[in-house]
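Trainee: Coordinates only, no sequence provided:
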């Protein structure tokens, strides 16, 4: 059974940084894409970044590009999202997810999801 557990969310001031973690277990993720999404109240789930587990190839949303970095630790089977220069509009619940597809941005292409971690940015 696949299990994804996010952590690292919290309250940060505008311009601050956070590093989110997603600990994955339950299968080999070598042929999978790991994605980060976020969802603010009343809004649709939004793609943030994705990484191909085997190659390390990455993809970012326009809002994340240049500020966020996705990475993975093969030994720990953990994916990270380093978020810098956070803005109030980045506030949301952040989710990690897995997909068999290659670096997809559509949340419907992702099969397994974590429970989410809350990020709050104070202005």
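Mentor: On my side now, so go ahead. Since the model is a prediction, treat every value here as computed from it, not as a measurement.
Trainee: Grab the most central residue of this structure for me.
Mentor: residue 36 (2.2 Å; C-alpha atoms, centre = their mean).
Trainee: check contacts around the residue nearest to it when sequence neighbours are not counted.
Mentor: Nearest residue to residue 36 in three dimensions, chain neighbours excluded: residue 48, at 4.3 Å (C-beta to C-beta, 6 or more residues apart in numbering). Any C-beta I mention is one placed from the backbone N, CA and C, and that applies to glycine too. By C-beta atoms under 8 Å, 6 or more residues apart in numbering, the contact list for residue 48 reads 35-38, 60-61, 63-64, 68, 81, 94.
Trainee: Just the buried residues of those residues.
Mentor: Among these, those classed as buried by 16 or more other C-beta atoms under 10 Å are 35-38, 60-61, 64, 68, 81, 94.
Trainee: Quickly check those for the two that are furthest apart.
Mentor: Largest separation among the buried ones among the contacts of residue 48 by C-beta to C-beta: 60 and 94, giving 14.2 Å.
Trainee: what number of residues lie near the closest residue to residue 4 other than its chain neighbours?
Mentor: The shortest distance from residue 4 to any residue that is not its chain neighbour, by C-beta to C-beta, 6+ apart, is 3.6 Å, and that residue is residue 114. Counted by other C-beta atoms under 10 Å, the residues lying close to residue 114 total 21.
Trainee: Tell me how far residue 114 lies from residue 88.
Mentor: 24 Å (C-beta to C-beta, to the nearest Å).
Trainee: likewise residue 23?
Mentor: For residue 23, the distance to residue 88 (C-beta to C-beta) stands at 28 Å.
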